[in-house]
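Novice: Here is a sequence with its predicted model. Questions after.
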Amino acid sequence: QLQLVESGGGLVQPGGSLSLSCATSGFTSHLVVIGWFRQAPGKEREGLSCINSNGDARYVDSVKGRFTIAKAENTVYLQMNDLKPEDTGIYSCAAEEAQNPCGLFEHDYDYWGQGTQVTVSS
């Protein structure tokens with residue numbers, strides 16, 4: 001059974017940092033791409049970053065230079081620095097058994113985690 005479980009969300013002050021984790025299990029192929037998405041209050045879910053099996057990463061412009069995606073074994077991390085109030089939202093990871101390159105759209109992924117809340121507020 002394919003599973004993705006996010007952790008690491010919470011409340012942080014503007015300018016602070018958080019590290020999110022996405023633990024994956026059940027994938028039979030090593031060709032797995034993972035994406036991180038955010039749904040802000042009242043907005044549609046947007047893709048933030050993704051990484052493929054080769055470790056090649058992509059970022060949306062709004063998080064470039066602040067967020068870093070990385071993977072180790074079956075876990076993908078999203079290190080978030082210099083957080084802003086507009087980064088508040090539910091963060092979800094998603095996966096697809098696919099080859100290069102990774103995508104930043106919802107339709108690029110078939111498997112989703114339950115999400116973790118990130119709140120950036122003073």
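Specialist: On my side now, so go ahead.

Novice: okay, CA-based contacts and neighbour counts for the rest of this
Specialist: OK.

Novice: what residue lies at the spatial centre of the chain?
Specialist: Nearest to the mean C-alpha position of the chain, by CA atoms, centre = their mean, lies Trp36 at 2.1 Å.

Novice: For whichever strand or helix holds that one, which helices and strands make contact with it?
Specialist: Assigning secondary structure by DSSP states H and E places Trp36 in strand 32-39. Strand 32-39 is packed against strand 45-51, strand 89-97, with contacts defined by 3 or more CA pairs under 8 Å, 6 or more residues apart in numbering; DSSP states H and E.

Novice: and the angle from that strand to strand 45-51?
Specialist: When axes from the mean of the first three to the mean of the last three CA atoms, to 10 degrees is applied, the directions of strand 32-39 and strand 45-51 differ by 150 degrees.

Novice: Strands along the protein, start to end?
Specialist: Counting by DSSP state E, the chain has strands at residues 3-7, 10-12, 18-25, 32-39, 45-51, 57-59, 67-72, 75-80, 89-97, 111-112, 116-120.

Novice: To Leu104, which of those strands lies closest?
Specialist: strand 45-51 (4.7 Å; CA to CA).

Novice: Measure how far that closest one is from the centre of its chain, please.
Specialist: On the basis of CA atoms, centre = their mean, to the nearest Å, strand 45-51 sits 6 Å off its chain's mean C-alpha point.
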